[in-house]
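coords below, sequence missing:
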């Protein structure tokens, strides 16, 4: 008998546990959901976290996320309005705001992913193909102030954008947002995650980049040559100036000295020019008449006049 | 109750079994009811899934048996996310993955050029509640937003700016915007820093970009060489100039002094001459002749009335002989 009661207790315990399991359900802090009875939704959304109760077995709790969820799109190849083909990845953050509609329309997250693929991709395509490439690359015109090298080298002048990246992605979000309430979800944010050229376009872009850089390099080198020529010219001019001024000053000094010497001589010799020339001539005789000279003199000379007579005038 | 183990028979009383069961129950209760939080963590406690409290580091008790559960979050640790590259092993010599992550690193600049950008984001979990309960997969959201924001900021810069001077500025802008977005989503994350690592032009255009640097260096070199030549020549020219002037001054001095000397000599002689002109003149003349005539090899003295020079007089060496005056 004791054994029977033990088994009975165990069986009752098991039954109680099964019933409890089907009656109580836990709603996590990040969950929300709805109750269905025989597949039909009952009541509104359940968003309170904690332990809840439902009718066992016939009612079922469907659990959905309350948190912000990510949608990451595949890469799309889209032509811009100026015929540039780009590879675009968009990404979105969304939330289930009406679990009931969500359950009735898509039922699960994977369903949403594929719906969002269609909605956001087509919205991206519409927006991107209606604008030039520059509008989706840039957000502002700040870069125009920053492109010093380009301007000096006369390489590509940049256009201005009127809308910009943020405006375009908000346009994408707006377009997509119109279509999502039917799934009980809300788009919180749409971002452009990646943006690249397609292979063929990339080649052309690289060629352009290379030729731009070559122009800039040539610009630097020619600036260098120009400045070098200017410095060399300056050096030559300076050289000429220094040399010619020095020559002028030296000649001036010499000239003044010559003039002064002349004055000194003139002042002195000028007192008796004849006596000076007499003295000077005697000096010349001393210096020029030497060995290997022959002299022919007459007895009229001062030296030899006494050869004929002892007393001459 | 009798239990057979091998060939021994154990007799367990009902009391013993109860004790064992009680001990097991206590162990289970303690294991699922006591928990510890490390110094760099915080604990988020949920009761039947509902958030009830956050716990600080230390030893704590919670309602056991799955009623209350705790999730431990490291709130002091600085996490790092890498973009455009991966570190294989951080060490004294860090090793990087040789796989290229160009999907992450290639981006368009504001002048429609292309750059390869590698960067890191370091962050901390600031609000454990928000980190767990506001976004599903907060870490992935951070990565996605980081790529989107970096591309947007780079899209407003020139390729030269991204490669060189504006790196720090750009990183700061990315950090500010990223933090703003994460706060808007209530991610509970605080960005510690955004840092750019390697930033390069794409492989095929790299030589052209390097050449621009070479060109800048060439320009500097040309200018430096020109100044060097200048500094070589000009001071030397100045020196030469000074020398020229010095020499001129030397000449001037010599000339004037000599003239003064000559004149002094003359003045002295003249003074004496003035005192007795005839005598002095005759004396000077005769003294000079006395000096000069002895040197002469041959002297011919001819009477002043003699006319013409004797033609057959051997004047030595002159074959033709002199002719009359």
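On my side now, so go ahead. Quick caveat: nothing in here was measured; it's all calculated off a predicted structure.

low pLDDT regions in the stretch 201-325 of chain B?
For the stretch 201-325 of chain B, the stretches with pLDDT under 70 are B:304-325.

Which stretches in it count as strands?
For the stretch 201-325 of chain B, the strands defined by DSSP state E, counting those that start in this stretch occupy B:298-302.

same thing with the stretch 1-150 of chain B?
Counting by DSSP E, counting those that start in this stretch, the stretch 1-150 of chain B has these strands, from start to end: B:2-5, B:8-11, B:34-37, B:41-47, B:50-55, B:58-61, B:68-74, B:79-83, B:87-89, B:95-96, B:106-108, B:114-125.

can those go into TSV with extra columns for distance to chain A and mean pLDDT?
Just so you know, the C-beta spots here come from the backbone N, C-alpha and C atoms, and that holds for glycine as well. Below are those laid out as TSV (distance: least, C-beta to the nearest C-beta, whole Å; pLDDT from 0 to 100):
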stretch	distance to chain A	mean pLDDT
strand B:2-5	15	66
strand B:8-11	19	66
strand B:34-37	18	89
strand B:41-47	6	90
strand B:50-55	4	88
strand B:58-61	19	89
strand B:68-74	10	89
strand B:79-83	11	93
strand B:87-89	22	78
strand B:95-96	22	71
strand B:106-108	5	92
strand B:114-125	6	94
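
Can I get these in a markdown table including distance to residue A:105 and mean neighbour count?
Below are these laid out as a markdown table (distance: least, C-beta to C-beta, whole Å; neighbours: other C-beta atoms under 10 Å in any protein chain shown):
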| stretch | distance to residue A:105 | mean neighbour count |
| --- | --- | --- |
| strand B:2-5 | 61 | 8 |
| strand B:8-11 | 65 | 8 |
| strand B:34-37 | 42 | 15 |
| strand B:41-47 | 30 | 20 |
| strand B:50-55 | 28 | 16 |
| strand B:58-61 | 44 | 12 |
| strand B:68-74 | 32 | 16 |
| strand B:79-83 | 35 | 16 |
| strand B:87-89 | 44 | 11 |
| strand B:95-96 | 47 | 12 |
| strand B:106-108 | 37 | 22 |
| strand B:114-125 | 35 | 21 |
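
so which of those comes closest to residue A:53?
Among those, the nearest to residue A:53 by C-beta to C-beta is strand B:50-55 (14.3 Å).

on that earlier part again, reformat the strands of the stretch 1-150 of chain B as JSON lines; add distance to residue A:159.
Output for the strands of the stretch 1-150 of chain B, formatted as JSON lines (distance: least, C-beta to C-beta, whole Å):
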{"stretch": "strand B:2-5", "distance to residue A:159": "90"}
{"stretch": "strand B:8-11", "distance to residue A:159": "93"}
{"stretch": "strand B:34-37", "distance to residue A:159": "57"}
{"stretch": "strand B:41-47", "distance to residue A:159": "51"}
{"stretch": "strand B:50-55", "distance to residue A:159": "52"}
{"stretch": "strand B:58-61", "distance to residue A:159": "62"}
{"stretch": "strand B:68-74", "distance to residue A:159": "48"}
{"stretch": "strand B:79-83", "distance to residue A:159": "29"}
{"stretch": "strand B:87-89", "distance to residue A:159": "40"}
{"stretch": "strand B:95-96", "distance to residue A:159": "38"}
{"stretch": "strand B:106-108", "distance to residue A:159": "14"}
{"stretch": "strand B:114-125", "distance to residue A:159": "18"}
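
For the stretch 201-325 of chain B, which segments are assigned as helices?
B:206-275, B:277-292 (DSSP state H, counting those that start in this stretch).

List the buried residues of the last one.
The reference is to helix B:277-292. Neighbour-count burial for helix B:277-292, counted by 16 or more other C-beta atoms under 10 Å in any protein chain shown, picks out B:280, B:284, B:285, B:288, B:289, B:292.

you'd agree residue A:86 is in a strand?
Yes: Residue A:86: assigned to a strand according to DSSP: H, G, I helix; E, B strand; the rest coil.

before we move on, the earlier item: compare the helices of the stretch 201-325 of chain B and give me the one nearest chain A.
Comparing those against chain A with C-beta to the nearest C-beta, the closest turns out to be helix B:206-275 (3.2 Å).

pretty sure residue B:143 contacts residue B:79?
No: applying C-beta atoms under 8 Å as the test, residue B:143 and residue B:79 come out as separate, 11.3 Å apart.

if we can go back for a sec, with distance to residue A:114 added, can I get the helices of the stretch 201-325 of chain B in TSV?
Listed next are the helices of the stretch 201-325 of chain B as TSV, based on distance: least, C-beta to C-beta, whole Å:
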stretch	distance to residue A:114
helix B:206-275	41
helix B:277-292	136
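
Ok, which of the ones you listed comes nearest residue A:289?
With C-beta to C-beta as the yardstick, what comes closest out of the helices of the stretch 201-325 of chain B is helix B:277-292 (4.9 Å).

same for the closest one, what does it pack against?
Contact here means 3 or more C-beta pairs under 8 Å, 6 or more residues apart in numbering or on different chains; DSSP states H and E; on that basis helix B:277-292 packs against helix A:273-288, helix B:206-275.

Among those, show me which one is buried the most.
Mean neighbours per residue, mean count of other C-beta atoms under 10 Å in any protein chain shown, is largest over those for helix B:206-275, with a mean of 15.

and the angle for it with helix A:273-288?
Interaxial angle of helix B:206-275 relative to helix A:273-288 (axes from the mean of the first three to the mean of the last three C-alpha atoms, to 10 degrees): 110 degrees.

what's helix B:206-275 packed up against?
Judged by 3+ C-beta pairs under 8 Å, 6+ apart, the packing partners of helix B:206-275 are helix A:199-269, helix A:273-288, helix B:277-292.

Now the phi/psi pair for residue A:135, please.
phi -70, psi -30 (degrees, to the nearest 10).

looking at chain A, which helix or strand does the model trust least?
helix A:148-152 (a mean of 63; mean pLDDT, DSSP states H and E).

Give me the next element, helix or strand, following it.
Proceeding N to C from helix A:148-152, the next assigned helix or strand is helix A:165-179, under DSSP states H and E.

in the helix or strand just after that next one, what counts as buried?
Downstream of helix A:165-179, the next assigned helix or strand under DSSP H and E is strand A:185-197. Under the neighbour-count criterion of 16+ other C-beta under 10 Å, strand A:185-197 has A:185, A:187, A:188, A:189, A:190, A:191, A:192, A:193, A:194, A:195, A:196, A:197 buried.

In space, what's closest to residue 258 - neighbours in sequence excluded?
Looking at chain A here, since you left the chain open. With C-beta to C-beta, 6 or more residues apart in numbering or on different chains as the measure, residue B:255 is the residue that lies nearest to residue A:258, at 6.4 Å, once sequence neighbours are left out.

ah, no, chain B please
Per C-beta to C-beta, 6+ apart, closest to residue B:258 is residue A:261, 7.3 Å.

show me what contacts the one you found?
For residue A:261, the contacting residues are B:255, B:256, B:258, B:259, by C-beta atoms under 8 Å, 6 or more residues apart in numbering or on different chains.
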